[in-house]
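Sequence and predicted structure are below.
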Amino acid sequence: MKASHFVSSIALWAVLVSVLVGCTTPTVTPTAVTVQPTATPQPETQETPVATEPPAATEVAPPEATELPPVPSANDNLTWVADGAIADGEYTDSADFGKIRLWWRHDGEHLYFAMEGDTQGWVSVGIEPTRAMKDADYFFGFVVNGEAKLWDAFGMGTTGPTHPADEEIGGANHILEFAGVETGGLTRFELKRLLDTGDVYDKALVPGNSYNIIIAIGDDDDYDGYHSLVRSGEMMLQP
């Protein structure tokens, strides 16, 4: 082979090699990609409640006590009214002598007293007589023409109209309040006086003690009229 041909061949191979080199696909270094796994959906479940301690009870203070109004008793006069009517709770004690009935109470200072008879005449009570009518401390009353009349009297004799008013014999009328009515064939009186008036013609009354009494009614509105019924008994004052 000629030298020119050999050189030409070398040059041709060189060109081919260059072409081949230029057409070669460049090597690409892969980049690592991190793929997060897809969470597999789970079926919904009912949450189980977690037991917890109940809240502590809150202490509520009780309401303050309210003072109640006083209840009437033997030692007050909240319900007593001199009106000729006997109301529930107005008296603490009573006595029934058939056609004559009595009620009474005290407050430690005053006597509250009521007497009622089946008559349209007079009604009377004598406290602590010594013999029959004698020395009795009397309440004597009747209603005439709608007007109530009541006397604070004293028994001077054993029988008869011997019970003058206290002021006629040197004493005084110590009845502080009173009322009398005549209704339905009845005559009724309510009165108030001191337990101890200091008058010699009035009996000094002591709570806790008992006293003999004489009770009578008459048919007429007559201070000196004869009685149609008389009874005796006992009146005890609450301590």
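Cool, got the structure. Residues are numbered from 1 along each chain as shown.

what number of residues lie near His110?
Using other Cβ atoms under 10 Å, His110 has 17 other residues around it. For glycine as for every other residue, the C-beta is placed from the backbone atoms N, C-alpha and C.

Tell me which residues touch it, please.
By Cβ atoms under 8 Å, 6 or more residues apart in numbering, the contact set of His110 is Asn77, Leu176, Lys192, Arg193, Leu194, Leu195.

rerun at 6 Å
Counting by Cβ atoms under 6 Å, 6 or more residues apart in numbering, His110 touches Lys192, Leu194.

any idea how far it lies from Thr92?
Separation of His110 from Thr92 (Cβ to Cβ, to the nearest Å) stands at 13 Å.

Gly98 too?
Gly98 is 22 Å from Thr92, where distance means Cβ to Cβ.

The two: which is more packed in?
More crowded of Gly98 and Thr92, by other Cβ under 10 Å: Thr92, with 16 against 10.

Would you check that His163 makes contact with Gly155?
Yes: His163 lies in contact with Gly155 (Cβ atoms under 6 Å); the separation is 5.1 Å.

so is Glu167 in a helix, a strand, or just coil?
helix (DSSP: H, G, I helix; E, B strand; the rest coil).

Not counting sequence-adjacent ones, nearest residue to it?
Asn173 (5.7 Å; Cβ to Cβ, 6 or more residues apart in numbering).

what about that neighbour, which helix or strand?
Using DSSP states H and E, Asn173 falls within no helix or strand.

Could you do Gly160 as well?
Gly160 belongs to no helix or strand, assigned by DSSP H and E.

Return the residues in contact with it.
By Cβ under 6 Å, 6+ apart, the contact list for Gly160 is empty.

try Asp83
Contacts of Asp83 by Cβ under 6 Å, 6+ apart are Ala179.

Would it be right to say that it lies in a helix?
No: under three-state DSSP, Asp83 sits outside any helix and is assigned coil.
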